[in-house]
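Enquirer: Return atomic coordinates for the entry below.
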Amino acid sequence: MNRVNPDKAEMQSSIAKRFIVYVVVFSSIITLVITAIQLYLDYARDLKGINNRLDQVRRVHVDALTNSLWAADTETLRIQLEGILRMPDMEFLEVSEGEHIWGSAGQQVSTNIIAQQYPLLYESRGTLRTLGELQVVATLDGVYDRLFSKTVAILISNAIKTSLVAGFIIVMFYRFFTRHLKKIAEYVKAHKVDDAMADLLVLDRRENLRYQRDELDVLVDSFNQMRDNIEHSYQSIKEKERKYRQLVELVQEGIWQIDKLGITTYVNPSMANMLGYTVEDMVGASLFKFMDEQGGRLAAKYLQLRDGSFNRQHDFKFIRKDGEPIFTTLSTTPVTTADGDYLGEIAGVVDITQSKLAEDALHYHRMKLEELVTNRTKALELSNRELESFSYSVAHDLRTPLRSIVSFSQILEADVFHKLNSEEQDAFKRIIRAGKNMSGLIDDILELSRISRTAMGSKLVDVSEMAREVAEEVKNQYTGREMNINVAAGLVVEADPVLLRVLLQNLVENACKFSSNNDRATIEVGQKIVTGRHWFYVNDNGVGFNSKYAHKLFYAFQRLHGNDEFLGTGIGLATVQRIVERHGGEVWAESVEGQGATFYFSLEPSSAGGVVRMPSA
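Expert: Reported below is the predicted structural model:
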């Protein structure tokens, strides 16, 4: 141990100091805990001894003192008290009767005491008499003195032992760890990545045939392996850098790097050729040299906004060396330090001049096409207005003779209908039905015309409430038949409330009409959500339709049933489709003939940009 002479700096290393502090603190805590436990046990033992002696006084000496007091032998009483006082930790004894003291021994000076009083009882002629009282006072000062002396001895001995152990640990820590860690640190500090001829790290340790590898050997091997890995990675990075530089030099896309002031720090040959310069011409030149005045203002704005926190892609126009403009797309990335400080930009530049020219030509043709579409739209609007005017004129001209037919039919029905035979009555009924159908057809044509020209509003509509109102109105037309119309709760949509009511009236009336011959007609109004799109539906258990005619359903004047009971004008579903299309939605239907039909509609455009129908129910 004497051969080890560590210098002061090494002995004061932070790891060694912390290690020693932890050892000393832990040893001290253990010592204090063990000492406290031992002292407590000693205290409890001494306290128990005092209590045992007090109990011995009660058992052995009280009777003798009582006899002496009965005989009024004060001298014997005094001798007995002094004998008891010689017992360990006894401080004061006194025999008294009321205010009269028969005898005492010792003097009470301590404040830490245990006191007991014992009555002196004597039996005379069968009567137990109280002659007086014995007071015994035991002091704890001796107990505390013994505990203090023992504590001091334990602490001093443990302090000496801890100091010796700590010193030994310091020396051993230096010998086995600190000096080797210092050598490792000096080796790492002096090592250069590109120094392939550097020696391996070897510690100065005594060789021993019985010596086995330990943690320091593992650490040294790890450092040497790390050195080899770093050198390998360094050579690999150099090789990759050579390849990447070669790739950048050969790539067709332009690579342009500038500093935060806009000065060119690097361009590849493709970038220089793109602008008609050499690499040497561009490196060191300002970015603004290669653009016109307007481009310079835009570039300056971009540079002011840059802080190195985001990437950007934008189109930009440069000016070639020959003065011709060149249109490019720049994908710029900030160049920063490891601490995030902004240094400049590096951009990939793609020549889009040809596509830009083609885009300009396409824009011109698009403008021409939009002009043609606008003119065509105006022509269609004019045609629609003329068609509306024609519809109103035709409706007016048809209603005049129709009123006469209906009026005279009603007069004849009241006066002569009962005089006709069954065949004539059937023909008369056909005339009346034809008049009603003609009136309904005129109303539907006018309704369809109004749908096309009505200004649309939009607000949040309670579809459930509106459907219930429509259902009650329609059910009143089928008195005497059971019509169950179930409307789901919580249906809402953003739509024109007037047009939506017309839509629901047509669909619910259709469902009731084609289910009216059932003993128990059931119609359901509900909603399904598929891929985020809301589909409302009206389902019935009526006659349904043949699916091969589904493409004709929403054409005007199309009727898929020939039974007179189901005859209509053929305008209702066309009106439904017109309302849905005005909302930008879609309507369609599915059915199994004889098993009812379901009509679906959505009043919101498809997010997919096309028709996305839900699966069949």
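
Enquirer: what residue lies at the spatial centre of the chain?
Expert: Geometric centre of the chain, nearest residue: Gly532, 22.2 Å, by C-alpha atoms, centre = their mean.

Enquirer: Please tell me how far that one sits from Gly526.
Expert: Look at Gly532 and Gly526: by C-beta to C-beta, to the nearest Å, they are 18 Å apart. In short, each C-beta sits where N, CA and C put it, glycine included.

Enquirer: same check, this time on Ala347
Expert: As judged by C-beta to C-beta, Ala347 and Gly526 stand 56 Å apart.

Enquirer: Please apply the same query to Ile169.
Expert: Separation of Ile169 from Gly526 (C-beta to C-beta) stands at 83 Å.

Enquirer: out of those two, which sits in the busier spot?
Expert: Each of Ile169 and Gly526 has its neighbours counted (other C-beta atoms under 10 Å); Gly526 has more, 18 against 15.

Enquirer: list the contacts for the more buried one?
Expert: Gly526 is in contact with 487-488, 491, 536-537, 539, counting by C-beta atoms under 8 Å, 6 or more residues apart in numbering.

Enquirer: can you check Glu423 too?
Expert: No contacts exist for Glu423 under C-beta under 8 Å, 6+ apart.

Enquirer: helix, strand or coil for it?
Expert: Secondary structure state of Glu423, per DSSP: H, G, I helix; E, B strand; the rest coil, is helix.

Enquirer: what's the neighbour count on Asn484?
Expert: When neighbours are counted by other C-beta under 10 Å, Asn484 registers 13.

Enquirer: do the one 10 residues further on as well
Expert: As a burial measure, the neighbour count of Glu494 was computed by other C-beta under 10 Å and equals 11.

Enquirer: cool, and Asp315?
Expert: 11.

Enquirer: Check Ile431 too.
Expert: Neighbourhood size, Ile431 [other C-beta under 10 Å]: 15.

Enquirer: before we move on, which element is it in?
Expert: Applying DSSP states H and E as the criterion places Ile431 in helix 422-453.

Enquirer: Show me what the very next helix or strand once past that helix pairs with in its sheet, parallel or antiparallel.
Expert: Next along the chain after helix 422-453, taking DSSP H and E as the criterion, comes strand 459-462. Partners of strand 459-462 in the sheet, by DSSP bridges, are strand 492-495 (antiparallel).

Enquirer: next one: the partner strand to chain centre, how far?
Expert: Offset of strand 492-495 from its chain centre (C-alpha atoms, centre = their mean, to the nearest Å): 32 Å.

Enquirer: what comes up buried for whatever helix or strand comes next after it?
Expert: As assigned by DSSP H and E, the chain's next helix or strand after strand 492-495 is helix 497-513. By 16 or more other C-beta atoms under 10 Å, the buried positions in helix 497-513 come out as 499-513.

Enquirer: repeat for stretch 28-48
Expert: Neighbour-count burial for stretch 28-48 [16+ other C-beta under 10 Å]: 31, 39, 46.

Enquirer: who's in contact with that stretch?
Expert: Contacts for stretch 28-48 (C-beta under 8 Å, 6+ apart): 89, 140, 142-143, 146-147, 150-151, 154-155, 158, 162.

Enquirer: change it to 10 Å
Expert: 88-89, 114, 138, 140, 142-144, 146-148, 150-151, 154-155, 157-159, 161-162 (C-beta atoms under 10 Å, 6 or more residues apart in numbering).

Enquirer: any idea how far that stretch is from the chain center?
Expert: Put simply, stretch 28-48 sits 57 Å off its chain's centre (C-alpha atoms, centre = their mean).

Enquirer: quick check: domain ranges of the chain?
Expert: Domain segmentation of the chain under automatic domain parsing yields 14-159, 251-351, 353-453, 457-602.

Enquirer: Would you single out the least confident of those?
Expert: Of all those, domain 353-453 carries the lowest average pLDDT, namely a mean of 70.

Enquirer: My read is that Ile405 contacts Ile432, right?
Expert: Yes - between Ile405 and Ile432 there is a contact under C-beta atoms under 10 Å: 9.2 Å.

Enquirer: where along the stretch 451-600 of the chain do the strands fall?
Expert: 459-462, 483-487, 492-495, 521-530, 533-540, 586-591, 597-602 (DSSP state E, counting those that start in this stretch).

Enquirer: actually the stretch 51-200 of the chain, not the one I wrote
Expert: With DSSP E, counting those that start in this stretch as the criterion, the stretch 51-200 of the chain has strands at 90-97, 100-106, 113-124, 127-139.

Enquirer: Quick one: the helices in the stretch 51-200 of the chain, in order.
Expert: Remark: helices of the stretch 51-200 of the chain, listed N- to C-terminal, are 62-70, 74-85, 141-173, 179-190; assignment by DSSP state H, counting those that start in this stretch.

Enquirer: Could you say which one of those helices comes nearest to Arg18?
Expert: Nearest of those to Arg18, taken as C-beta to C-beta: helix 141-173 at 10.8 Å.

Enquirer: Now do the phi/psi pair for Arg520.
Expert: As for Arg520, its main-chain torsions (degrees, to the nearest 10) stand at phi -140, psi 90.

Enquirer: for Glu324, same thing?
Expert: When read as degrees, to the nearest 10, the backbone of Glu324 gives phi -80, psi 140.

Enquirer: which ones are touching it?
Expert: Applying C-beta under 10 Å, 6+ apart to Glu324 gives the contacts 275-276, 318, 353.

Enquirer: of the residues you listed, buried ones?
Expert: Neighbour counting by 16+ other C-beta under 10 Å classes 275, 318, 353 among the contacts of Glu324 as buried.

Enquirer: what helix or strand is the second one on?
Expert: The secondary structure element spanning Phe318 is strand 312-319 (assigned by DSSP H and E).

Enquirer: I'd like to know which elements that strand is packed against.
Expert: Applying 3 or more C-beta pairs under 10 Å, 6 or more residues apart in numbering; DSSP states H and E, one finds that strand 312-319 contacts helix 269-275, helix 293-305, strand 325-336, strand 342-351, helix 353-415.

Enquirer: in that strand, what counts as buried?
Expert: Neighbour counts using 16+ other C-beta under 10 Å place 316, 318-319 of strand 312-319 among the buried residues.

Enquirer: how about the residues you listed in CSV, adding distance to Gln477?
Expert: Compiled in CSV, those are given as follows (distance: C-beta to C-beta, whole Å):
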residue, distance to Gln477
Phe316, 70
Phe318, 76
Ile319, 78
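
Enquirer: Return the member of the contacts of Glu324 nearest to Leu131.
Expert: Among the contacts of Glu324, Phe318 lies closest to Leu131 (C-beta to C-beta), at 129.0 Å.

Enquirer: I'd say that closest one and Gln294 touch.
Expert: No - if you go by C-beta under 10 Å, Phe318 and Gln294 don't touch, sitting 11.9 Å apart.

Enquirer: Give me the neighbour count for Ala471.
Expert: Ala471: 22 neighbours (other C-beta under 10 Å).
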